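Enquirer: predicted model, plus sequence, below.
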Amino acid sequence: MIVTTKQLFEQAYGKYALGAYNINNAEQTMGLFKGNMDSKAPFIIQISKGARAYTNKLMLEGIIRAADQIFPDAVFAVHLDHGDEATCYDCIDSGFYSSVMIDASHESFDENIAITKRVVDKAHAKGISVEAELGQLGGVEEDISVSEDQAHLTDPNQAAEFIKRSGCDSLACAIGTSHGAFKFSGGQGLHFEVVEAIQKLVPGYPLVLHGSSSVPQDEVARINAAGGALKGAKGVDANQYLPAAKLGVCKINIDTDGRLVWTRVYREFFRDKPEVFDFRPMGKVFMEEYAKFIASRNELLGSAGHLDEVRAALKK
Ligand code: G3H
Ligand code: 13P
Ligand code: ZN
């Protein structure tokens, strides 16, 4: 059942965070749905511009619609990750997406508000939720690369003004995370005081954390032992997900960790079974391992076990 992120946030606020997981192909989608069903969690599927272009946006849509039939009990939102204005409109018009992110965080404050408001007006007319971003994370996303000195934390006063003027349904704020597998190269930590300050100004408003992969060190070690070169990879402490959720973070974005599961499975498979050239045995291992990973994240996010209650509330 496809629902909006707004509906999911109303259920989760202050109790747990929804896992927002990026997908690019059928194996990832199967693992994702299985992991969420095994842990009985509602969830958010994220589709980036890169994912839409990888095979074809219609291919991904078809895969997700099929997964919805294969797992009829699943409750999830279909969300555009880091959209520009044109891609947001394409998703809004598609009739498939229930949520879009307009990321104009690289624009000036006023321009970010103006662009976000235009997207909000079009999305809300069709019952679609909108996430916006204020502040800048470090790292690389799509074609934009932000160095650590360019990255800056969200200003809470600006956040409150931004929410009021743009009408967005949730806000991604920069609190010290960055995209990718190499976070915190300067050793800096997370700034939960920014989340607390925003919540004081706009109580009850759902916030979003990008760049939240934990980059498990055992995963990195296994990848490197199987021929990888991910020296110094580091992520967010996954034990901070739930405390963040209790402060009003309703959506936690995890993409890189899934790529690490994929890399570990395939590198180990090729190392250990050099004679195999059928991609299905390794694809099967990946789907199982990704499902286990998703279930383990949902436990840490606190979303595990909430599926039945959310379905009942949203079916009313
Ligand atoms: O923030 C970016 C997400 O991890 C998606 O990555 O643009 O390479 O699909 P991608
Ligand atoms: P990670 O790179 O930490 O997985 O972040 C993903 C993300 O924020 C997608 O929007
Ligand atoms: Zn992101």
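Expert: Noted; the coordinates are in hand. Ligands and ions are numbered 1, 2, ... in the order given.
Enquirer: which residues in the protein form strands?
Expert: Here the chain has its strands, by DSSP state E, at 18-22, 43-48, 76-83, 99-102, 129-134, 139-141, 144-146, 170-173, 207-209, 249-254.
Enquirer: let me have those strands in a markdown table, extended by mean pLDDT.
Expert: Below are those laid out as a markdown table (pLDDT from 0 to 100):
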| stretch | mean pLDDT |
| --- | --- |
| strand 18-22 | 98 |
| strand 43-48 | 98 |
| strand 76-83 | 98 |
| strand 99-102 | 98 |
| strand 129-134 | 98 |
| strand 139-141 | 55 |
| strand 144-146 | 56 |
| strand 170-173 | 98 |
| strand 207-209 | 98 |
| strand 249-254 | 98 |
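Enquirer: Ser39 against Ala291, yeah?
Expert: No: using C-beta atoms under 8 Å, Ser39 is not in contact with Ala291, being 9.1 Å away. Glycine gets a C-beta too; all of them are placed from N, C-alpha and C.
Enquirer: residue contacts, the residue lying closest to Ala245 once chain neighbours are set aside?
Expert: Excluding the flanking residues, the one nearest Ala245 by C-beta to C-beta, 6 or more residues apart in numbering is Ala17, at 3.9 Å. With contact set as C-beta atoms under 8 Å, 6 or more residues apart in numbering, Ala17 has these partners: Leu209, Tyr241, Leu242, Ala244, Ala245, Val249, Cys250, Lys251, Ile252, Leu301, Gly302, Ser303.
Enquirer: the second one: neighbour count?
Expert: As a burial measure, Tyr241 scores 25 neighbours (other C-beta atoms under 10 Å).
Enquirer: just checking, it touches Ile252?
Expert: Yes: taking contacts as C-beta under 8 Å, Tyr241 lies within contact range of Ile252: 5.6 Å.
Enquirer: ok so, going back, and of the strands of the chain, who's closest to Arg118?
Expert: Arg118 lies closest to strand 99-102 among the strands of the chain, at 8.5 Å (C-beta to C-beta).
Enquirer: residues near Asn157, how many?
Expert: Around Asn157 there are 11 other residues, counting by other C-beta under 10 Å.
Enquirer: check contacts around the spatially closest residue to it that is not a sequence neighbour.
Expert: In this structure, Asn157 finds its nearest non-sequential neighbour in Leu201, 7.1 Å apart by C-beta to C-beta, 6+ apart. Each residue near Leu201 by C-beta under 8 Å, 6+ apart is listed here: Pro156, Asn157, Ala159, Ala160.
Enquirer: can you tell me which of those residues is closest to Leu260?
Expert: The closest of the contacts of Leu201 to Leu260 turns out to be Ala159 (C-beta to C-beta; 31.2 Å).
Enquirer: assess the claim that that closest one and Lys200 are in contact.
Expert: No: assessed by C-beta under 8 Å, Ala159 is found out of contact with Lys200, at 10.9 Å.
Enquirer: which one's more surrounded, these two?
Expert: Ala159 (23 against 10).
Enquirer: what residues are up against that one?
Expert: For Ala159, the contact set (C-beta under 8 Å, 6+ apart) comprises Leu134, Leu171, Cys173, Ile198, Leu201, Val202.
Enquirer: how close does the last one get to Lys164?
Expert: Taking C-beta to C-beta, to the nearest Å as the criterion, Val202 is separated from Lys164 by 8 Å.
Enquirer: between the two, tell me which one has more neighbours.
Expert: Counted by other C-beta under 10 Å, Val202 and Lys164 do not tie: Val202 has more neighbours, with 18 against 12.
Enquirer: residues in contact with that one?
Expert: Ala159, Ala160, Ile163.
Enquirer: count of neighbours near the second one?
Expert: Look at Ala160: counted by other C-beta under 10 Å, it has 17 neighbours.
Enquirer: so what's the nearest residue to Ala74 once chain neighbours are set aside up against?
Expert: Residue nearest to Ala74 in three dimensions, not counting chain neighbours: Phe33, with 5.7 Å by C-beta to C-beta, 6+ apart. Shown in contact with Phe33 (C-beta under 8 Å, 6+ apart): Ala67, Ile70, Phe71, Ala74.
Enquirer: over to Ala295?
Expert: Ala295 makes contact with Gly35, Asn36, Asp38, Ser39, Ala41, Ala304, according to C-beta under 8 Å, 6+ apart.
Enquirer: quick one: pLDDT of the fourth one?
Expert: In other words, Ser39. Per-residue pLDDT puts Ser39 at 99.
Enquirer: and if you look at the second one?
Expert: We note a pLDDT of 98 for Asn36 in this prediction.
Enquirer: how about it, nearest residue that isn't a chain neighbour?
Expert: Using C-beta to C-beta, 6+ apart and skipping residues adjacent in sequence, the residue nearest Asn36 is Phe43, 4.7 Å away.
Enquirer: neighbours around the one you found, how many?
Expert: 26.
Enquirer: hmm, Arg297 and it touching each other?
Expert: No: with contact defined as C-beta under 8 Å, Phe43 does not count as touching Arg297 (9.6 Å).
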